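>>> quick check, what structure comes out for this input:
(2 chains)
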Amino acid sequence: MLRNTISLTLASLALISCETRSDVEIANEENILIIGNSNEPKGLDPHLVSGVLESKIIRALFEGLCVDDPMKNSSSLPGAATHWESSDDFTEWTFHLNPEAKWSDGVPVTAHDFAFSYRRLLSPDPNWPAKYAEMLYFLDNGEAYHRNQFGKILCKNDPTFPLEWDILKEANFTGDQKLNLGNLAKKTFAELEESDLKKLQPYLKEGETLNLAKLSAENVDFKSLSDPEKRIYFNSIGIDKLSKDQLTYLKSQPDLIAWTEGVPAEIRQLVLDRIIAHHEAGKPNLWEQAQVGVNAADDFTLKLKLRGPIPFLTEITKHYTWYPVPKHIVLKHGEINTAFSSPWTRPGNLVSNGPFKLKTWRTNHLIEVEKNPHYWDHDTVSLSGIRYLPIQNYYTETRMFGDDQLHVTYSVPSELIPMAQEKYPEQFRQEDYVGVRFLRVNIKNTPFDNPKVRRAFALAIDQEAICNKILQGGQKPASGIVPPFGDYVPPGLIYFDPEKAKALLAESGYESTSSFPEIDLLTSNTDSGLREAESLQAMWQKHLGIKVRIVQREWTTYLQKQYDKDYDICVGGWIGDYLDPTTFLEMWVTDGGNNNTNWGSDEFETLLKKAENTADVPTRMGILSQAERIILEDTPVLPIYWYTTNYLIRSEVKNWNPLLLNNQPYKFVKIEKP
Amino acid sequence: MLKVILSRLLQTIVVVFLLLTFTFFAVRQIPGNPFATEKATSPEEQAALEAYYGLDKPLFIQYVNYLGNIAQGDFGDSLAMKGRKVSTLISEAFPVSLKLGLISLCLGMGIGIPLGIIAALYHNRWQDYSAMIIAMAGICIVAFVLGPLFQLLIARPLSLLNVAGWNRGSDLLLPSITLCFGVAAYLARLTRGGMLDVLSQDYIRTARAKGVPTLQIITRHALRPALMPAVTFLGPAFASIITGSFVVENIFLVPGMGQHFVLGITSKDYNLVLGLVLFYGILMGIANLLSDIALIFMDPKLRS
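Presented below is the predicted three-dimensional model:
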């Protein structure tokens, strides 16, 4: 009995370990690429994800109008579209789709799929949790449709409407962002400062006072408010967001909201009537009325109308938010905007139009894609598949690379870089990557309400030391928030200058460093986060004599504290979505979802608007550079360094070239047989 | 016998219920937002997500709803891995952890129990000391040291073994050895203690005096009572080892349950955490019951 067991065990051991070739050797024979992908993806719906690791899988599965050039940045090759042309001012584009392009189930990819996809991503339903809908705001009226801007949708696009939109648009449709009632209500009316009064002033008449606490309460009973209070309340919300009851009430007293001089009384009634009628009709979908700039002229012609001139549109169409989703499959498994409960992305259901299709998806284990036989350019695709391994532990990943289990790693952590450089000189790669590491500053909190203090903190960061001594991954000191690429000339206002920092601090009005309020530096609870925070702490202590306190919070709390603006100064980063400075600048508009600093500047926003309407590339870049100058001079963000990627790649993998966005077009990647 | 089992079952149900209730309210006290991502979540989106997952209702109502769903066998949706059901995640990961756990438990018993017996037989001699040093080391050297050591010292030089992964049959080997060390160490200490206790009993001395061979004394007379403490330990050890270990799974890239436990907490995936706690509680109850039954079989005194 015992002998039997032993021999059985030995036999089975021999059986399981008869494979002596490494994973990579087997994969090379099968022509399959094995990639470390750092974690389990949150999902594979191109409209719902927002992470980098998800995008790496999605870009193998789906294909946009254009694809990345494997050899150079800012260059587009034909994808789902064979060719395209634009009007001279870059506001109207026509994409001619490839009639050969097919979904992985053989159904042709048509312009209707694209129109459907853009309509889907822009769904105005609050239950549609798309993170990246604003990527489609480049489309004319895209924002109006997505954000339910009823006034614009119902009045602007109707040719029978008796007043020009240009006059009407000055009315308060979207709400006055400056009237943040929650913040104002922290004081009584008598205690308000001049800056607060200035915000309220346009809506108040001589001698009127308010009860602010009443306004900020949840479920305000608007009928119980006094007239000036109603005015403030309605104006803080804006016509578009008012409820049916509020609009009906407003009809009797239209003066309670700000209209422009040129809007006659009957037009005011007409606008309100239209929106009320829309509410009464049960808020039907306004896609037709919104006239979003997407038009499937025929099966293979897609016409796009943009909100302004965008010469770099082809760059944007390479972002996964612009990829098509299969209309016939999405609708088979749910409504157009069924989010998480739709199983259309599960293996077996998912149909894609890219070079690969989904084969296997096992949680925390493996995602495998295989060559899509229906792909229009399948002759170019060399790989027969890609395996994505969710390796969270970078040490394990590096060891697996050394044991011939991986072709490409996701990352090499900074402490392993010297080892990797020495041990794998041929395989180690260090490349520029458009991303920036910075500190957000909460400019509402003392002492950072003082721009001189902010700038002093920025100039006291020894960026060089952080890059060379701590990170050691080739990162470069950041002179601004837009990393260098293309034709953009950065204003370059941030550098390390301890003397100047000290001088600025002396000018700031603080008598001595001991009179400084206590400052917390918020960071995440990782080892690298702590190391970075400690070095910043030491630099400010050394150069400014100010000791900040490090507060580490685990990831979701760290994020939440930023959104709640519950911090003094906080480490953060941003990775570009496409190769244009706006991807780094637009986040800093007043109350932008990723701004989180309380900072805002009308001048900055005017410049961004101006750039939006400028077609000439050098002029446009100049305007954007001016905009960056404004934000750097006021310093609500302290740039630290520009990102690089560090990874290991086996030498038999070919056509894998340095790209600034690190979006490898997998269809060109080859495994060279020895 | 039946009475014991029934009362045990009843206790298990009460304990699991209390555990679930406590966890339900405790996880909500963890700061952080399950829907926070690097890209900002708008207030409307946050509200819509909370409504979708029923988090907008008062906590007590949520609790009642949750119990109702559980009663119908619905563990709910994962909040972090949206679109996936908690039950799917558990049913994908549990077979992996079960396989790994059973193998390492067997290994642990195979190493730990003989080591404990040897230590007891050679009490206070070098065999005892070396066995106990090994056991102590097994308790002290944690998996995140042991795992990488095995990867570097065994897997790298041996082309037959992969450093990490879960594709080949041989991928079981290193994680299960890493996992078994802790079990083996505890079992060795418990067996040694039990054995020493039994060996000093009068009836063993009588057997020796009668000239019964040592091997027979141990297998016939001593082993069964000496293993009682070890068996008591095995129940909970079994439940915890087959529900996975975060560290081992993270190091060896094993798609088991352990990472769900840890990542469920850090990502505030309330449904996942509750589902796992419920699952673990029930397993623990069953394992304890089994070890109780085993004890009853081993000890006639308990049968009455």
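
>>> B:S87 and B:Y270, how far apart?
From B:S87 across to B:Y270, the span is 15 Å (CB to CB, to the nearest Å). No exception for glycine: its C-beta is placed from N, CA and C like everyone else's.

>>> the more surrounded of these two?
A count of neighbours by other CB atoms under 10 Å in any protein chain shown puts B:Y270 above the other of B:S87 and B:Y270, at 25 against 16.

>>> so what's that one up against?
B:V27, B:R28, B:P34, B:L55, B:L79 (CB atoms under 8 Å, 6 or more residues apart in numbering or on different chains).

>>> and A:A615, what's its pLDDT?
A:A615 is assigned 89 on the pLDDT scale.

>>> three-state assignment of it?
Reducing the assignment to helix, strand or coil with DSSP: H, G, I helix; E, B strand; the rest coil, the entry for A:A615 is coil.

>>> also B:R8?
The local conformation at B:R8, judged by three-state DSSP, is helix.

>>> residue contacts, it?
B:G285, B:N288, B:L289, B:D292.

>>> any idea of the pLDDT on it?
86.

>>> for it, give its distance to chain A.
B:R8 sits at a distance of 33 Å from chain A (criterion: CB to the nearest CB, to the nearest Å).

>>> ok so, going back, the contacts of B:Y270 in helices, which ones?
Judged by DSSP state H, helices contain the following of the contacts of B:Y270: B:V27.

>>> residues near residue 36, how many?
Just going to use chain A. With other CB under 10 Å as criterion, A:G36 counts 27.

>>> that's the wrong chain, I wanted chain B
21.

>>> where does it fall, phi/psi-wise?
Reported as degrees, to the nearest 10, the phi and psi values for B:A36 are phi -70, psi 130.

>>> please name the nearest non-neighbouring residue to A:L350.
A:L358 (4.6 Å; CB to CB, 6 or more residues apart in numbering or on different chains).

>>> and for A:Q421?
In space, not counting the residues next to it along the chain, A:Q421 is nearest to A:F428; the distance is 5.4 Å by CB to CB, 6+ apart.

>>> show me what contacts residue 39?
All of this is about chain A. If you count contacts by CB under 8 Å, 6+ apart, A:N39 has them with A:L53, A:P390, A:Q392.

>>> that's the wrong chain, I meant chain B
With CB under 8 Å, 6+ apart as the criterion, the residues that contact B:K39 are A:S50, A:K131, A:Y132, A:G593, A:N594.

>>> so the third one touches A:G51, yeah?
No - no contact is recorded between A:Y132 and A:G51 when judged using CB atoms under 8 Å, the distance being 10.7 Å.

>>> how close does B:L173 get to chain A?
Computed with CB to the nearest CB, the distance linking B:L173 and chain A is 9 Å.

>>> give me the number of residues near A:S411?
By the measure other CB under 10 Å, the count of residues near A:S411 is 17.

>>> helix, strand, or coil at it?
Secondary structure for A:S411, judged by three-state DSSP, is coil.

>>> I'd guessed it sits against A:S38; true?
Yes - the pair formed by A:S411 and A:S38 meets the contact definition of CB under 8 Å, at 6.9 Å.

>>> could I get the full set of strands for the stretch 51-200 of chain A?
If you assign secondary structure with DSSP state E, counting those that start in this stretch, the strands in the stretch 51-200 of chain A sit at A:66-68, A:76-78, A:81-86, A:92-97.

>>> mind checking how far the second one is from the chain centre?
For strand A:76-78, the distance between its averaged C-alpha position and the chain's averaged C-alpha position is 23 Å (CA atoms, centre = their mean, to the nearest Å).

>>> where are the low-confidence patches of chain B?
Under the criterion pLDDT under 70, the flagged ranges of chain B are B:304.

>>> contacting residues around the residue in the stretch 501-650 of chain A that chain B sits nearest to?
Residue nearest to chain B within the stretch 501-650 of chain A (CB to the nearest CB): A:G593, separated by 3.1 Å. For A:G593, the contact set (CB under 8 Å, 6+ apart) comprises A:M587, B:K39, B:A40, B:T41, B:S42.

>>> excluding covalently adjacent residues, which one is nearest to the residue in the stretch 201-304 of chain B positioned nearest to chain A?
Of the residues in the stretch 201-304 of chain B, the one nearest chain A is B:P255, at a distance of 3.6 Å by CB to the nearest CB. Counting by CB to CB, 6+ apart, B:P255 lies nearest to A:H365, which is 3.6 Å off, once chain neighbours are set aside.

>>> now do the contacts for that neighbour.
By CB under 8 Å, 6+ apart, A:H365 lies in contact with A:P390, B:W166, B:P255.

>>> could I get those as JSON lines with distance to A:L215?
Listed next are the contacts of A:H365 as JSON lines, based on distance: CB to CB, whole Å:
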{"residue": "A:P390", "distance to A:L215": "49"}
{"residue": "B:W166", "distance to A:L215": "58"}
{"residue": "B:P255", "distance to A:L215": "53"}
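
>>> run a quick neighbour tally on the closest residue to A:G576 other than its chain neighbours.
In this structure, A:G576 finds its nearest non-sequential neighbour in A:V434, 3.9 Å apart by CB to CB, 6+ apart. When neighbours are counted by other CB under 10 Å, A:V434 registers 26.

>>> would you mind naming what in the stretch 101-250 of chain B lies close to chain A?
By CB under 8 Å from any CB of the partner chain, the part of the stretch 101-250 of chain B that sits against chain A consists of B:148, B:151-152, B:155-156, B:159-170, B:249-250.

>>> buried subset of those as a ChimeraX selection?
Buried members of those, identified by 16 or more other CB atoms under 10 Å in any protein chain shown, are gathered into one ChimeraX selection as follows:
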select /B:148,151,155,161,162,163,164,165,166,170,249,250
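
>>> who is the residue nearest to A:Q421 paired with across the strands?
A:L648 (DSSP bridges).

>>> can you name the residues that contact it?
Residues in contact with A:F428 (CB under 8 Å, 6+ apart) are A:V412, A:I417, A:A420, A:Q421, A:N646, A:Y647, A:L648.
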